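**Q** Here's my sequence, what's the structure:
(one chain, ligands or ions: 1)
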Amino acid sequence: MPVPPRKTIPAAVLRKTLLDWYDAHCRDLPWRSPPSATPPPAYRVWLSEIMLQQTTVTAVIPYFLKFLKKWPQIENLAAADREDVLEAWAGLGYYARARNLHQCARAVMENYGGDFPADEAELRKLPGIGPYTAAAVASIAFDIPAAAVDGNVERVIARYHGLKTPLRDNKKFLKSEAEKLVFAGKTRAGDFTQSLMELGATLCTPKNPQCGRCPWQGGCVAHLNGIAADLPVPPPKTVKPVRYGTVFVLFCPDKKSVFLQKRPDDGLLGGMTEFPSTPWNETPPKTGKDIKKYLPQTVKTAEWQVLPEEIVHHFTHFTLRLSVWQGCGTETSAENRQSWVPAAEVEQRALPGVMQKVWRAALESFKRK
Ligand code: SF4
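**A** Numbering: from 1, shown residues only. Here you go, the predicted model:
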């Protein structure tokens, strides 16, 4: 089939077309103001943007509402215990975001008197705020023209221009095209940022883009060539390394408490709660002796049962395979950063996803007994 000729549509026209579409079709989300209304408070915009990184809107909504209820203003969040913040975040993943969130709230209180700075460059100085979040907060909360370019926006622009190489090879071009659109108008900077995000989230989705309903279909190279679903081109596949470990789920004799500890503050899952484990190495341990030397000092008297299924968890940079040892040990005092926690309260603790899997496997094994 012949490809219909592509119209070159000026950036100002594209911008207006998208804003008109947004006015008619934008979703009602708890962190948003309606189109053309007074912008939402920067605290809400920032909180939602941090939560939405690598996470879907559906997953974020209950967390966003919970955080606002517990900490309605930035001063409340800044004054909270970090532990409470991590616990409230548990289940949302990418836990460095929660630590940075808390640090950022404190920095805004200390350095800016509790008001986020209305300046993209100043925003970038705050913990956990990178170029994308700074641009999103500047534009949505303060109506400052700024190009907030995330994966959604990159996908839309790459398809619109029919780029046939991976996004990572086109970063400069994608940013500059986004800027052309942002600066093609003098008003409604925040609505435009949200309209571009909305297009990527609702119509120009990774799978099954809805080109027939898209306000940009007349100029979109990918659509006109029938290749929208094939773009963006994925980067060549790399195989994730695998790491191995053994995790210890230790109950006290009456099974009412379980032994937990805190991870070090820095590094992967920093500050989160976990079941003790061996280090996570590139090769599995060779003998039971290699594993037992990592048992917490206080629990060496426990009898251990190895669960039949291992836990597999995919982190961004590696896959973790954990075997689970479960046992009952004499209850002794816990060391620094360790504690005996009532089994009924484990799920309320700041357990990262991998440890939640471990806990579910342990509970399942009890049911089978
Ligand atoms: S026409 Fe299709 S591919 Fe092009 S921007 Fe719209 S939804 Fe995306």
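**Q** what about whatever residue of the stretch 251-369 of the chain ends up closest to the ligand, how many residues close to it?
**A** As assessed by Cβ to the nearest ligand atom, the ligand sits closest to residue 316 within the stretch 251-369 of the chain, at 26.4 Å. C-beta coordinates here come from the backbone N, C-alpha and C atoms, glycine included. Residue 316 has 8 neighbours, counted by other Cβ atoms under 10 Å.
**Q** do residue 217 as well
**A** Residue 217: 17 neighbours (other Cβ under 10 Å).
**Q** Surely it touches residue 223?
**A** Yes. Taking contacts as Cβ atoms under 8 Å, residue 217 lies within contact range of residue 223: 5.2 Å.
**Q** Find residues that contact each of these two.
**A** Common contact partners of residue 217 and residue 223 (Cβ atoms under 8 Å, 6 or more residues apart in numbering): residue 211.
**Q** rewinding a little: and the residue of the stretch 251-369 of the chain closest to the ligand, what element?
**A** Per DSSP states H and E, residue 316 falls between elements, in no helix or strand.
**Q** Kindly report the same for the one 4 residues further on.
**A** Counting by DSSP H and E, the element that carries residue 320 is strand 319-328.
**Q** so what's residue 27 up against?
**A** By Cβ under 8 Å, 6+ apart, residue 27 lies in contact with 57, 198, 202.
**Q** If we use 10 Å, what do you get?
**A** By Cβ atoms under 10 Å, 6 or more residues apart in numbering, residue 27 lies in contact with 57, 194, 198, 201-202.
**Q** For those, work out which two are farthest apart.
**A** Maximum pairwise distance in the contacts of residue 27, criterion Cβ to Cβ, is 12.2 Å, between 57 and 194.
**Q** what does the average pLDDT come to for stretch 320-332?
**A** The pLDDT scores in stretch 320-332 average 84.
**Q** residues of it that come out buried?
**A** For stretch 320-332, the neighbour count (16 or more other Cβ atoms under 10 Å) marks 320, 322-329, 331 as buried.
**Q** Distance to residue 91 for the residues you listed - can I get that in CSV?
**A** Below are the buried residues of stretch 320-332 laid out as CSV (distance: Cβ to Cβ, whole Å):
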residue, distance to residue 91
320, 18
322, 19
323, 24
324, 20
325, 25
326, 23
327, 26
328, 28
329, 28
331, 28
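**Q** Now render these as a markdown table, adding distance to the ligand.
**A** Output for these, formatted as a markdown table (distance: Cβ to the nearest ligand atom, whole Å):
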| residue | distance to the ligand |
| --- | --- |
| 320 | 36 |
| 322 | 40 |
| 323 | 45 |
| 324 | 44 |
| 325 | 50 |
| 326 | 50 |
| 327 | 54 |
| 328 | 57 |
| 329 | 57 |
| 331 | 59 |
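**Q** just the residues you listed now: which is nearest residue 110?
**A** Of all the buried residues of stretch 320-332, the one with the least separation from residue 110 (Cβ to Cβ) is residue 320, at 37.0 Å.
**Q** List the residues that contact the closest residue to the closest one other than its chain neighbours.
**A** Leaving aside its sequence neighbours, residue 320 sits nearest to residue 313 (Cβ to Cβ, 6 or more residues apart in numbering; 4.7 Å). Residues in contact with residue 313 (Cβ under 10 Å, 6+ apart) are 243, 319-322, 352-358.
**Q** I'd assumed residue 313 was in a strand, is it?
**A** Yes. Looking at residue 313 with DSSP: H, G, I helix; E, B strand; the rest coil, it is inside a strand.
**Q** Now do it, the pLDDT please.
**A** In this model, residue 313 is scored at 95, pLDDT.
**Q** And residue 335, by the same measure?
**A** 64.
**Q** same check, this time on residue 161
**A** 96.
**Q** Count the neighbours of the closest residue to it other than its chain neighbours for me.
**A** Closest residue in space to residue 161, ignoring its immediate chain neighbours: residue 221 at 5.8 Å, by Cβ to Cβ, 6+ apart. Neighbours of residue 221 under the rule other Cβ under 10 Å: 18.
**Q** Next, the contact list for residue 221, please.
**A** 3, 6, 158-164, 227-228, 231.
**Q** Between all of these, which two are separated the most?
**A** Farthest apart among the contacts of residue 221 by Cβ to Cβ are 3 and 158. That separation is 18.0 Å.
**Q** So which elements touch the helix or strand where residue 63 lies?
**A** Secondary structure assignment for residue 63, by DSSP H and E: helix 57-70. Where contact means 3 or more Cβ pairs under 10 Å, 6 or more residues apart in numbering; DSSP states H and E, helix 57-70 is packed against helix 42-52, helix 74-79, helix 82-89.
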